[in-house]
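>>> No letters, just coordinates:
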């Protein structure tokens with residue numbers, strides 16, 4: 001029963017961060033300002049205990065919120081770095097596909113129109129390659145017609161880079 005009350009109190013205080021910060025500042029003022037300013041009298045004994053408890057409780061809440069925010073920022077940053085590093089690597093086949101898309105007028109292709117019988121790749125292999133490029137943010141499937149694949153802005157830059165490297169090496 002008591003644990004439910006404490007859990008509910010923490011949940012309600014978690015919703016109102018501004019109030020918790022205000023209580024923290026007020027409790028800190030009640031406890032520490034009288035020792036710094038001679039004209040202000042300290043709080044009477046029962047109130048200094050209440051102020052200290054409020055200071056500790058809200059201080060722990062604020063520390064928890066800050067640590068949770070820092071953890072959120074760090075995990076998102078790490079996730080972004082790994083996704084960026086992952087998107088930097090493309091296989092030779094993926095590079096050729098990007099280059100082919102980059103050379104098309106509208107930078108898009110309908111993968112259903114490929115001549116799978118005369119190519120070295122099956123429909124499943126092309127689909128897997130497109131999905132891999134999409135997860136790297138280099139191509140996107142049309143939401144209304146998934147076989148239609150087009151380059152993203154990042155994909156256009158990568159296709160241009162691949163084309164320039166191929167021209168420089170004589171391919």
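All right, it came through fine. Owing to the predicted nature of the structure, the values given are computational and were not obtained by experimental measurement.

>>> so what are the domain limits for the protein?
15-86, 90-169 (automatic domain parsing).

>>> so which of those domains is the most packed in?
domain 90-169 (a mean of 15; mean count of other CB atoms under 10 Å). Every residue, glycine included, has its C-beta placed from N, CA and C.

>>> what about that domain, start to end distance?
Distance across domain 90-169, first residue to last, is 18 Å (CA to CA, to the nearest Å).

>>> For the chain, which helix or strand comes out least confident on mean pLDDT?
Every helix and strand in the chain was compared by mean pLDDT, DSSP states H and E; the lowest is helix 2-15, with a mean of 75.

>>> Run through this structure and note the low-pLDDT ranges.
1-2, 13, 86-88, 115, 117-118, 171 (pLDDT under 70).

>>> centroid residue for it?
The residue lying closest to the centre of the chain (CA atoms, centre = their mean) is residue 76, at 3.8 Å.

>>> Just want the phi and psi numbers for that one.
Phi and psi for residue 76, reported as degrees, to the nearest 10, are phi -70, psi -40.

>>> Kindly report the same for residue 108.
phi -140, psi 160.

>>> Is the closest residue to it other than its chain neighbours in a helix, a strand, or coil?
Nearest residue to residue 108, sequence neighbours excluded (CB to CB, 6 or more residues apart in numbering): residue 150, at 3.5 Å. Look at residue 150: counting by DSSP: H, G, I helix; E, B strand; the rest coil, its state is strand.

>>> Can you name the residues that contact residue 150?
The contact partners of residue 150, by CB atoms under 8 Å, 6 or more residues apart in numbering, come to 101, 106, 107, 108, 109, 139, 140, 142.

>>> Would you mind measuring from residue 79 to residue 154?
17 Å (CB to CB, to the nearest Å).

>>> if I read this right, residue 47 contacts residue 27, doesn't it?
No. Counting by CB atoms under 8 Å, residue 47 sits too far from residue 27 to count as a contact (10.0 Å).

>>> okay, now residue 170: neighbour count?
Other residues lying near residue 170 total 5 when counted by other CB atoms under 10 Å.

>>> list the contacts for it?
Applying CB under 8 Å, 6+ apart, no residues qualify as near residue 170.

>>> Can you give me the distance of it to residue 94?
Taking CB to CB, one finds residue 170 at 21 Å from residue 94.

>>> and if you look at residue 80?
Using CB to CB, we find residue 80 at a distance of 21 Å from residue 94.

>>> Please apply the same query to residue 57.
55 Å.

>>> which residues of the protein fall in helices?
Taking DSSP state H as the test, the helices found in the chain are 2-15, 17-36, 45-88, 92-103, 123-135, 153-169.
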